[in-house]
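>>> just coords:
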């Protein structure tokens, strides 16, 4: 399943996030809220006031400013969605 990236025309942060996602090897689909009324409604329903926004399987994986997102941080968020009940094993070693 691909990431869903919500953008709008003229958004430099959106462009930078797209660059990063490509560099990190993630596939994504762009939903431009300037052109797509369904995407715009989705953003309003989620109460987002800014773009970019990044979703995976209905979960917000950006969770804050896009400039703070790292490859490792994104992968951790994706893994927590894909493997929600997997024990890291660290708990028993405390």
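Perfect, I can see it now. The structure presented is a predicted model; accordingly, all values stated were derived computationally and were not measured.
>>> can you pull the pLDDT of the closest residue to residue 1 other than its chain neighbours?
Counting by C-beta to C-beta, 6 or more residues apart in numbering, residue 57 is the residue found nearest to residue 1 once chain neighbours are left out, at 6.0 Å. Just so you know, the C-beta spots here come from the backbone N, C-alpha and C atoms, and that holds for glycine as well. Looking at residue 57, its pLDDT reads 95.
>>> distance of residue 57 from residue 4?
Distance of residue 57 to residue 4, given as C-beta to C-beta, to the nearest Å: 9 Å.
>>> Helix or strand: which one has the residue nearest the centre of the chain?
Centroid-nearest residue in the chain, with C-alpha atoms, centre = their mean: residue 54, separated by 2.4 Å. Secondary structure from DSSP states H and E places residue 54 in strand 53-56.
>>> Parallel or antiparallel, which strands does that strand pair with?
strand 3-7 (antiparallel), strand 59-60 (antiparallel) (DSSP bridges).
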